[in-house]
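Peer 1: With the sequence up front, the predicted model follows.
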Amino acid sequence: MTDQRLLVELRTHALGLADELSGALRRIVVRSGDTEIEVEWQQPTVRPDAIAAALPAAAPQVAAIAPVAAEPIADLIESVDENLAAIASPMVGTFYRAPSPDAEPYVSVGDLVRKDQPIGVVEAMKLFNPIVAECSGEVVEILVKDAQPVEFGQQLMMVRPTDTDGAR
Amino acid sequence: MTDQRLLVELRTHALGLADELSGALRRIVVRSGDTEIEVEWQQPTVRPDAIAAALPAAAPQVAAIAPVAAEPIADLIESVDENLAAIASPMVGTFYRAPSPDAEPYVSVGDLVRKDQPIGVVEAMKLFNPIVAECSGEVVEILVKDAQPVEFGQQLMMVRPTDTDGAR
Amino acid sequence: MFKKVLIANRGEIALRVARACRELGINSVGVYSTADRDDLVLRHFDEVVHIGPPAGRRSYLNAAAIIEAASQTGADAVHPGYGFLSEDPDFAEVCVDNDLTFIGPRAEVMGALGDKSTARRLMLDQGLPLLPGSVEALRTYAEAKSEADAVGYPIIIKAVAGGGGKGMSVVHAPDDLETAYRAARATAAAVFGDGRVYLERYVAAARHVEVQILCDHYGNGIHLGTRDCSVQRRHQKLIEEGPAPALSQATLDDITSTAVRGALAIGFTGAGTFEFLVDENEKFYFMEVNARLQVEHTVSEMITGIDLVHEQLHVAAGVPLRLSQQDVEVRGHAIECRVNGEDPDRDFAPTAGLIERFIPPGGPFTRVDTHAFSGYRLGPHYDSLLAKVIVWAPDRIGALNRMERALGEFEVSGPGVRTTIPMLRRVLADFEFRKAEHSTAIVPRLLGN
Amino acid sequence: MFKKVLIANRGEIALRVARACRELGINSVGVYSTADRDDLVLRHFDEVVHIGPPAGRRSYLNAAAIIEAASQTGADAVHPGYGFLSEDPDFAEVCVDNDLTFIGPRAEVMGALGDKSTARRLMLDQGLPLLPGSVEALRTYAEAKSEADAVGYPIIIKAVAGGGGKGMSVVHAPDDLETAYRAARATAAAVFGDGRVYLERYVAAARHVEVQILCDHYGNGIHLGTRDCSVQRRHQKLIEEGPAPALSQATLDDITSTAVRGALAIGFTGAGTFEFLVDENEKFYFMEVNARLQVEHTVSEMITGIDLVHEQLHVAAGVPLRLSQQDVEVRGHAIECRVNGEDPDRDFAPTAGLIERFIPPGGPFTRVDTHAFSGYRLGPHYDSLLAKVIVWAPDRIGALNRMERALGEFEVSGPGVRTTIPMLRRVLADFEFRKAEHSTAIVPRLLGN
């Protein structure tokens, strides 16, 4: 592709992202090889990443692993770029990959899952809540360990959708 | 593509992005290889007019007439636009148009003044300080009354310069 | 003492408790909903847990999420703040079941006090004066009618499970009773899930006076003086002050010792408030107990020099009261104004939007409790309290003048953002209020309704 | 009482005085230089006058402009704040000549106190203890040498016209005396326009303790307790606290009554501070009098509940003291930290720039005096004080913990903006400081110099 074509392409993508992404954007970078478009917005309000940057020594340690909320833009861009969908925890609790300690995990990296197929459970108040895939696809990454505490909204797994029904 | 062409291209894209994107932008970078355009906006900050607009009921009443300081930008634009030069008070005190109560005023509207010609006095601590024209020109407006208290920097008269030596 | 306390709340009160924890060397765990995730309040906690989406019932009212968050972080106690789960005996019980100290009274005491009918019965048994009316819930309209006739009109109907001014109805004449009674029952059933109501004499021009109580687990209880909260709009407090003005020392002594007696009799523990109605002859009547920290606890702190949250944490941890009644010396006068994000031109509807500039007042004897800042986004999900401004002075008029100064310099601005500040300043400037001759009728009078 | 007071200062202290005026129903006139014209501080005054360009000597030190501004606005008194013209007897005299009350001591008293040699002579005559040294100015190097030998090394050379820690020089050995003496004279002549110097014994590990004084025009004087200001960097105070810790009540009583006696003997009127050096045996020595409101007056306000500026305005207006010594009850402990815009990595050089985010601390018993806000531009023209944070608690350790909490939540950020907050937190965490065993040597030790 010529540089000229490429620029038009990048611009289209930048605009498209700005249009489609929700939330207060801070920065969009679209790059291909040496060609790049970067747009940065003025800081309209306090965003989570700004908080993280401003944290003093006695800063909060996020209880579990970095939640989805902490870097929404980066995550979204990544998932758009790589066409991945995240499965997030619908509650605070403890994530388990298998129905019981002795059992095989529901899924492993590389597995193909169907929409609504169980991929793990989150235990909260001694109740086990099944977590299901939101779309059909391939499990490309499992972000939390077995028996790990998770927050509301925390990403558990990344899936590369095989169809478009539930890619987002 | 030549660098020249490329620059035009990049600029077009930068302008297009600025136009099409919503929200308060902070920065746009458009790059292709070694060629790059970066535009950065000033951060929003507290401006004097914003302060004035935000003043509550119990706001300061400026002691004398609105000082030059209160609307610097508007003033500048006006004097640039109309090609007028202001003569401002160099001190807090009382402005007099004439050397004594019975005397004629130093100048009146329509008078032509030469650079350094006295146009009034400001009395402070019982000392009379001559005020002189900063440029030659025609007196088009006298902004303060005789025996009126003035602040530092307060505009006293507007002069339409007849030459360019001291227009500002 | 606790090692780690989870604060099951948001906004200024979560910050208030986090400050106390930090000052006492206790680690704090904050919880937040998605709506609050960008909030700079989160930097005040040592750890934070994202507990749910914006809707209160799925986040700050979500007991399961809060208990799980406490377990995950290894907290040993839960501070409920005010509102949300703070007066929910079931939640207090679940905390205990999960080996967490609930920072508040025991669940059964809280349950008894939350049922106004039980609370009235308990206090009547302890000899506390009640307004003439039905102690127990009314069973039938006929019972309501005969009770109302006996008490004499006007009367007020209240929900047994109510609180915070919700579900009350004033009846001025017998003809209106039946409609009001049935409507009140329906409302109570809808709002509180409990249709029981009771009635008592309605005193239009009374003062709302309350006593701050602090009790430990060893039968010791003290009070931290009185507060007057007569400046209310539809039973929502706008201005609180302490000590209660224009009452004789004898009345103040009587009302405070009555409250302590009542609290100890029912086995109350922790920080709480006994609310009374005081008529123009300084006769006082027990209304209800708030079994939690209150918004206006700051007023008591300013006049006594006692950090109530510090003490609350200590007694909850099983430490005997560190103060005797003689240690509590009320000094000077304090006033609190609630700055809410509300639009007085739209009947005080909550406003939302970006607060571009937020410059709180400062200077001598001026305290501000707020979670807001320049750039804060006031959302539609929770209550509209933006900041509490509290001032102290050696005397009441000095405090009023200082508050007028403080509110005058408070800048809150942004597109569409409106606050209660102008309304508060009207009250402060009111002649009757300055003379402390006002009653709960003051705000309706100023608003012309 | 005054109807209108012109405040001949800027920044937090101008705001401090404006607040007192507003609380007392006095109109205030603010003055500002071009550098401060966009400052939101201006909204705190009832009227404002633009008095000159940024340079201090053409604006806030410009007596003519200030007197003219007072005449224009019809002010009947001038409050000088601290710094700038506050200790200039000529300015006090010009005020009087122009029918303006100067809010401070009479010009001749101020003149006598401003001359350290005269002040020492006056206080010695009143029986106040001085450090061994020359009472009068040294006339020759020979005199300096014999005096220094008599006192014993180390000694400190000070400018007679000095103050605020400027122009002081410590000499550890006889060989260094001549160079130091001549350098000190030259510096004094250059900085103060008066080359006279004196010398006294240098106490490296002493406490800096001062007494807050308030006197009326009728021979009445009281003190508002003590403050310890030992935490200094190059004679600039960083942290002040009150009452002075680790001293016996007998010493506190002795030092305060000595100060009141000295103040009344010289006809002092208004608010002032007597500074003493206290050695490890609790022996104290008179140092100097600050004949004005001080930065750290806030500490005395917090421990006494007295608004010092209110009282200062009253006595200046000719009202007899409204308080007797018995009315002054010192309660609890207060600490002030000075948050300056300075870069610790560049030897505490003042920093300038846009403060993008400024979120001062709040909550219980926490006071902030500041003229800054989010969007404030810290300029290079004036001193670097950004905010004073003052906290109170029932005891010293509680106050230290509260201050640590308050500084921890204080957000000041912007490109290139650095503050003293990290340094202040280091002092607060210092073991010696927490035990109140520190002296003026603490900051040099922490900075490793």
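Peer 2: Okay, I see it.
Peer 1: Number of residues surrounding the closest residue to C:Thr101 other than its chain neighbours?
Peer 2: Setting aside the residues directly before and after it, C:Thr101 is nearest to C:Ala77 in space (C-beta to C-beta, 6 or more residues apart in numbering or on different chains), at 3.9 Å. Any C-beta I mention is one placed from the backbone N, CA and C, and that applies to glycine too. As a burial measure, C:Ala77 scores 22 neighbours (other C-beta atoms under 10 Å in any protein chain shown).
Peer 1: Tell me which residues touch C:Ala77, please.
Peer 2: Applying C-beta atoms under 8 Å, 6 or more residues apart in numbering or on different chains to C:Ala77 gives the contacts C:2, C:4-6, C:100-103, C:313, C:316-317.
Peer 1: same check, this time on A:Ile87
Peer 2: A:119, A:131, A:133-134, A:155-159.
Peer 1: Likewise for C:His79?
Peer 2: C:His79 makes contact with C:5-9, C:17, C:103, C:313, according to C-beta under 8 Å, 6+ apart.
Peer 1: In helices only, show me the residues you listed.
Peer 2: Residues of the contacts of C:His79 located in helices (DSSP state H): C:17, C:313.
Peer 1: Out of the contacts of C:His79, which is nearest to C:Asp90?
Peer 2: Of all these, C:Asp90 sits closest to C:Ala8, with 13.5 Å by C-beta to C-beta.
Peer 1: so which of the contacts of C:Ala77 is the most crowded?
Peer 2: Neighbour-wise, those (other C-beta under 10 Å) top out at C:Leu6, 32 neighbours.
Peer 1: surely that one meets C:Ser71?
Peer 2: No: counting by C-beta atoms under 8 Å, C:Leu6 does not reach C:Ser71; the two are 9.5 Å apart.
Peer 1: What is the burial count for C:Leu320?
Peer 2: For the record, residue C:320 is Pro, not Leu. 11.
Peer 1: Over to C:Gly195?
Peer 2: Neighbour tally, C:Gly195, other C-beta under 10 Å: 17.
Peer 1: A helix includes C:Gln72, no?
Peer 2: Yes: secondary structure of C:Gln72 (DSSP: H, G, I helix; E, B strand; the rest coil): part of a helix.
Peer 1: ok, it touching C:Glu47?
Peer 2: No: in this structure C:Gln72 lies outside contact range of C:Glu47 using C-beta under 8 Å: 9.3 Å.
Peer 1: now the helices: where do they sit in chain C?
Peer 2: Using DSSP H, helices in chain C cover C:11-24, C:63-73, C:89-97, C:107-114, C:116-125, C:141-151, C:177-192, C:249-265, C:297-304, C:308-316, C:396-409, C:421-429, C:431-434, C:442-447.
Peer 1: right, so of those, which gets closest to C:Val171?
Peer 2: helix C:177-192 (4.6 Å).
Peer 1: What is the closest one packed up against?
Peer 2: For helix C:177-192, the helices and strands in contact under the criterion 3 or more C-beta pairs under 8 Å, 6 or more residues apart in numbering or on different chains; DSSP states H and E are helix C:141-151, strand C:155-159, strand C:169-171, strand C:197-201.
Peer 1: mind checking which of these is nearest chain B?
Peer 2: strand C:169-171 (35.7 Å; C-beta to the nearest C-beta).
Peer 1: Partner strands of the closest one and their direction?
Peer 2: Counting by DSSP bridges, the strands paired with strand C:169-171 are strand C:155-159 (antiparallel).
Peer 1: tell me how far the strand it pairs with is from the chain's mean position?
Peer 2: 20 Å (C-alpha atoms, centre = their mean, to the nearest Å).
Peer 1: same thing with stretch C:113-124?
Peer 2: 18 Å.
Peer 1: Now it: buried residues?
Peer 2: Across stretch C:113-124, burial judged by 16 or more other C-beta atoms under 10 Å in any protein chain shown covers C:113-120, C:122-123.
Peer 1: got it, and stretch C:92-99?
Peer 2: C:92-95.
Peer 1: just the residues you listed now: which is nearest chain A?
Peer 2: C:Val94 (8.3 Å).
Peer 1: For C:Glu87, give its distance to chain D.
Peer 2: C:Glu87 sits 23 Å away from chain D, going by C-beta to the nearest C-beta, to the nearest Å.
Peer 1: Pairing partners for the top strand by length along chain C, with directions?
Peer 2: Ranked by residue count and defined by DSSP state E, the top strand of chain C is strand C:221-233. Sheet pairing of strand C:221-233 (DSSP bridges) gives strand C:207-215 (antiparallel), strand C:236-242 (antiparallel).
Peer 1: Tabulate the ones you listed in a markdown table, adding columns for mean pLDDT and mean neighbour count.
Peer 2: Converted to a markdown table, the strands paired with strand C:221-233 look like this (pLDDT from 0 to 100; neighbours: other C-beta atoms under 10 Å in any protein chain shown):
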| stretch | mean pLDDT | mean neighbour count |
| --- | --- | --- |
| strand C:207-215 | 98 | 26 |
| strand C:236-242 | 96 | 24 |
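Peer 1: got any ranges where chain C has weak pLDDT?
Peer 2: C:163-165, C:449 (pLDDT under 70).
Peer 1: circling back to that earlier point, save the helices of chain C as JSON lines, and put in distance to A:Leu84 too.
Peer 2: Below are these laid out as JSON lines (distance: least, C-beta to C-beta, whole Å):
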{"stretch": "helix C:11-24", "distance to A:Leu84": "35"}
{"stretch": "helix C:63-73", "distance to A:Leu84": "27"}
{"stretch": "helix C:89-97", "distance to A:Leu84": "38"}
{"stretch": "helix C:107-114", "distance to A:Leu84": "47"}
{"stretch": "helix C:116-125", "distance to A:Leu84": "55"}
{"stretch": "helix C:141-151", "distance to A:Leu84": "64"}
{"stretch": "helix C:177-192", "distance to A:Leu84": "45"}
{"stretch": "helix C:249-265", "distance to A:Leu84": "58"}
{"stretch": "helix C:297-304", "distance to A:Leu84": "49"}
{"stretch": "helix C:308-316", "distance to A:Leu84": "46"}
{"stretch": "helix C:396-409", "distance to A:Leu84": "52"}
{"stretch": "helix C:421-429", "distance to A:Leu84": "49"}
{"stretch": "helix C:431-434", "distance to A:Leu84": "62"}
{"stretch": "helix C:442-447", "distance to A:Leu84": "56"}
